[in-house]
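S.K.: sequence first, predicted coordinates after that:
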Amino acid sequence: MRELIKAHLDHRRVWRDFDYCYPVISRRSRGVSLGVNLNPDKVCNFDCVYCEVDRLTPPRRRDLDLGLLERELGLLLDLATSGEIYEIPPFDSARPEQRRLNDIAFSGDGEPTTAREFPEAVARVARLKHQRGLALVKLVLITDSSRLQAPEVLRGLETLMANQGEIWAKLDAGSEAYYRDICRTQVPFQKILDNLLATARRWPILIQTLFLEWMGQGPSEAELEAYCGRLEHILAEGGRLHAIQLYTVARQTPEPAARPLGRLEMDAIAASLRGRLPNLPVEVYYGPEEWA
Ligand code: SF4
């Protein structure tokens, strides 16, 4: 803790020395999001072709110390709520409308729900939020959708959803074959679909989809058609979906064949999704303009 206090005084270092928590200005939340990384070991049950996690550099640590995680998050909450964070680069360049704490997001270097400590971590973060009088700050789970029905994960989700929670669940494909190509995981595609339906029947969820150019090709018409069909099925079976967040690759990744789709392609995909799923808002997040 002494180290943490020292770090707090040196604001420029404060989160760079942290093991679990980090602040970002998030395009999606249009404000400050405090990330909570439950996978410091960088292990994930997916191996997405577009993953930005640097797995060549060894992790700083592999264990999850929830006491330390809480202390790190507490210090970031202090910086964000006092406004001190906006004196520190890069947050000093945040626009006025971005100078607000929007959420605490379970995200990071792997799939948060694979952490054994997931339910306890959610409970501790929810408690911390309430202790600080921040009941309205959202708790977001960013998930690859693979473990949404595991009993211990459900316990964590119940806590999350009772505390201004949102579930942002990944679906990057419409067909098993494309899913295997892009997500490169042993988790069966049907399990992802079952998890999404079961979860969306219980709580409204947000679908996060990343489409990209992989090996020189974007998703085919047939793939997009199949993808829309999966979402239609969830809705037809009583699932509730808030929106689709449509992404492409935003930064260079270890796989040179994983490249962003251009604005025109993203707009065309968004238009086709809106045509097929007219009641579902589609938010589009473009890739970098300068990546030629
Ligand atoms: S699920 Fe996320 S962390 Fe895991 S490989 Fe895919 S992009 Fe990377």
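M.R.: Nice, I can see it.
S.K.: can you pull out the helices in the stretch 151-292 of the chain?
M.R.: For the stretch 151-292 of the chain, helices defined by DSSP state H, counting those that start in this stretch occupy the ranges 151-161, 176-183, 189-202, 221-236, 263-276.
S.K.: make that the stretch 1-150 of the chain, sorry
M.R.: Using DSSP H, counting those that start in this stretch, the helices of the stretch 1-150 of the chain run over residues 2-9, 66-82, 118-131.
S.K.: OK, contacts around the closest residue to Glu176 other than its chain neighbours?
M.R.: Leaving aside its sequence neighbours, Glu176 sits nearest to Phe189 (C-beta to C-beta, 6 or more residues apart in numbering; 4.3 Å). All C-beta atoms are positioned from the backbone trio N, CA, C, and that covers glycine. Contact analysis of Phe189 by C-beta atoms under 8 Å, 6 or more residues apart in numbering lists 173, 175-176, 179-180.
S.K.: any chance of JSON lines for those, columns distance to Ala162, neighbour count and pLDDT?
M.R.: Below are the contacts of Phe189 laid out as JSON lines (distance: C-beta to C-beta, whole Å; neighbours: other C-beta atoms under 10 Å; pLDDT from 0 to 100):
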{"residue": "Ala173", "distance to Ala162": "32", "neighbour count": "22", "pLDDT": "98"}
{"residue": "Ser175", "distance to Ala162": "36", "neighbour count": "18", "pLDDT": "98"}
{"residue": "Glu176", "distance to Ala162": "35", "neighbour count": "14", "pLDDT": "98"}
{"residue": "Tyr179", "distance to Ala162": "32", "neighbour count": "24", "pLDDT": "98"}
{"residue": "Arg180", "distance to Ala162": "36", "neighbour count": "14", "pLDDT": "98"}
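S.K.: what residues does the stretch 101-250 of the chain put near the ligand?
M.R.: Residues of the stretch 101-250 of the chain that fall close to the ligand, judged by C-beta under 6 Å from any ligand atom: 110-111, 144.
S.K.: and with 8 Å instead?
M.R.: Contact residues, the stretch 101-250 of the chain versus the ligand (C-beta under 8 Å from any ligand atom): 108-111, 144, 170, 183, 210.
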